[in-house]
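J.: Could you work out the structure for the sequence below:
(one chain, ligands or ions: 2)
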Amino acid sequence: MAIIVDGTLVFNARDPVVLEEKAVAAAELLRQGKLVAFPTETVYGLGASVRDERAVSRIFEVKGRPVDNPLIVHLSDISELPGLARNIPAEAWTLARRFWPGPLTLVLEKKPWVPGVVTGGLDSVAVRVPDHPVALALLRAAELPVAAPSANISGRPSPTTADHVLADLAGRISAVLDGGPCDIGVESTVLDVRGGRLRILRPGSITPQEIAGLLQRKCEIVELSADKNPPSPGLKYRHYAPRAPLYLFLGEPGKVTVKMQEELETWLSRGKKAGLLVTLESAKAFSGYRNVELIVPGSRDDPAAMAARLYAALREFDARRVDVILAEGCSPKGAGLALLNRLQKAAGENIVQVE
Ligand code: TXA
Ligand code: MG
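T.: Numbers count the residues shown, from 1 in each chain. Ligands and ions are numbered 1, 2, ... in the order given. Alright, predicted model coming up:
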């Protein structure tokens with residue numbers, strides 16, 4: 001049994017008792033070359049069989065995704081890795097054994113059979129084993145490697161609930177498995193382990209410190225850049241953006257609050273409706289205003305909790321029809337790195353460094 005929204009089947013897979021049955025039904029769709037969205041511990045993914053080039057091409061079409069931006073291949077178990085990648089370094093195995101299933105994506109040399117549509121024409125492939133019972137049940141039932149980007153329209157915030165998926169893609173995909181909200185809420189850490197180097201192409205909840213600690217050597221972080229040929233094609237596109245412009249305020253928290261109040265008053269005086277995304281610690285400073293939608297994703301001391309709520313907050317601002325969003329930044333320490341990265345990408349050029 002499933003409900004249908006605009007022609008897209010919605011399988012309720014929240015109940016562990018029915019999970020297996022729903023996963024089998026969704027896996028059958030994948031084998032038929034259909035697109036199926038599913039929850040992972042990070043965000044919802046939009047899956048297609050890696051072996052079906054037409055299905056993979058459809059992913060790019062429905063998302064409006066540039067074809068040179070490669071997809072992550074999802075496996076049900078570490079033992080499937082040699083089926084996709086070759087010359088796998090010993091350190092990659094060490095990382096996979098420690099962090100899989102989990103939010104770490106490894107970029108490796110691809111096996112020749114892996115289609116170019118999946119890898120954006122690159123000779124590398126990005127792979128991970130997700131840590132979510134619904135994703136794993138689907139992957140096991142499908143008995144296929146599944147290519148899956150985040151299940152949003154390109155450039156929109158990634159989906160962390162089945163409703164977010166439907167808001168962007170209902171009617172354009174065959175099905176979504178609803179497994180409830182995602183725990184982590186930001187996409188996996190993407191780590192390139194080729195050529196004897198360790199390079200983080202996209203920060204995520206597995207931190208450079210954890211990776212360096214495990215392998216006992218330094219891990220580089222590739223800067224966000226507008227290069228024409230960045231090492232990860234995804235780096236060159238603006239991402240995670242709500243509809244209203246988002247201004248990101250960085251600096252010492254006390255000074256940031258004062259600057260944000262000034263900016264807020266300017267927007268309000270022009271008759272605009274403002275969305276505010278601030279930490280628990282600074283929320284009080286913004287409680288007295290009218291025409292303001294305040295969202296407090298968590299404490300400054302818990303960037304992981306704030307990251308988990310970020311995308312839902314950005315979509316909520318859209319729903320509340322704000323004209324502008326003012327967001328407080330965070331320290332890049334630990335889990336803060338991934339949060340700050342997503343905020344920066346949502347802000348684009350609109351970054352206010354408060355001195
Ligand atoms: O947590 C996640 O990673 C989620 C869930 C669904 O697993 N997936 C996800 O996929 O965020 P997507 O397509 O939204 O982001 C994939 C990122 C992009 O920045 C892409 O450029 C990069 O991974 N990537 C994929 N294959 C790559 C490759 N061969 N070399 C370098 N970067 C690659
Ligand atoms: Mg994405």
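
J.: Mind jotting down where the strands sit in the stretch 51-200 of the chain?
T.: Using DSSP state E, counting those that start in this stretch, the strands of the stretch 51-200 of the chain run over 72-74, 85-86, 104-110, 124-128, 146-147, 175-178, 189-192, 199-202.

J.: List just the one of those strands that sits closest to ligand 1.
T.: strand 124-128 (3.2 Å; Cβ to the nearest ligand atom). C-betas here are computed from N, CA, C, even on glycine.

J.: So in that sheet, which strands flank that closest one, and in what orientation?
T.: Strand 124-128 sits in its sheet next to strand 72-74 (parallel), strand 104-110 (antiparallel), going by DSSP bridges.

J.: Now do the longest one: distance to the chain's middle.
T.: Taking the mean of its C-alpha atoms, strand 104-110 sits 17 Å from the chain's own mean (Cα atoms, centre = their mean, to the nearest Å).

J.: just for this protein, where's the confidence low?
T.: 224-239 (pLDDT under 70).

J.: Which residues of the stretch 51-200 of the chain lie near ligand 1?
T.: Residues of the stretch 51-200 of the chain lying near ligand 1 by Cβ under 6 Å from any ligand atom: 69-72, 103, 105, 107, 119, 122, 124-126, 130, 148-150, 187-188, 190.

J.: If we use 8 Å, what do you get?
T.: Within the stretch 51-200 of the chain, the positions lying close to ligand 1 (Cβ under 8 Å from any ligand atom) are 65, 69-72, 74, 103, 105, 107, 110, 119-120, 122, 124-126, 128, 130, 148-152, 158, 184, 186-188, 190, 192.

J.: Tell me how far the residue nearest to Thr40 when sequence neighbours are not counted lies from Thr119.
T.: Setting aside the residues directly before and after it, Thr40 is nearest to Pro130 in space (Cβ to Cβ, 6 or more residues apart in numbering), at 3.9 Å. Using Cβ to Cβ, to the nearest Å, Pro130 is found at 19 Å from Thr119.

J.: Over to Arg14?
T.: As judged by Cβ to Cβ, Arg14 and Thr119 stand 33 Å apart.

J.: More neighbours: these two, which one.
T.: Taking neighbours as other Cβ atoms under 10 Å, Arg14 and Thr119 compare with Thr119 leading, 21 against 15.

J.: Please list all residues in contact with that one.
T.: Pro70, Leu71, Lys110, Val125, Ala126 (Cβ atoms under 8 Å, 6 or more residues apart in numbering).

J.: mind listing what the second one touches?
T.: For Leu71, the set of contacting residues under the criterion of Cβ under 8 Å, 6+ apart consists of Val56, Ile59, Val118, Thr119, Gly120, Ala126, Ala147, Ala148, Pro149.
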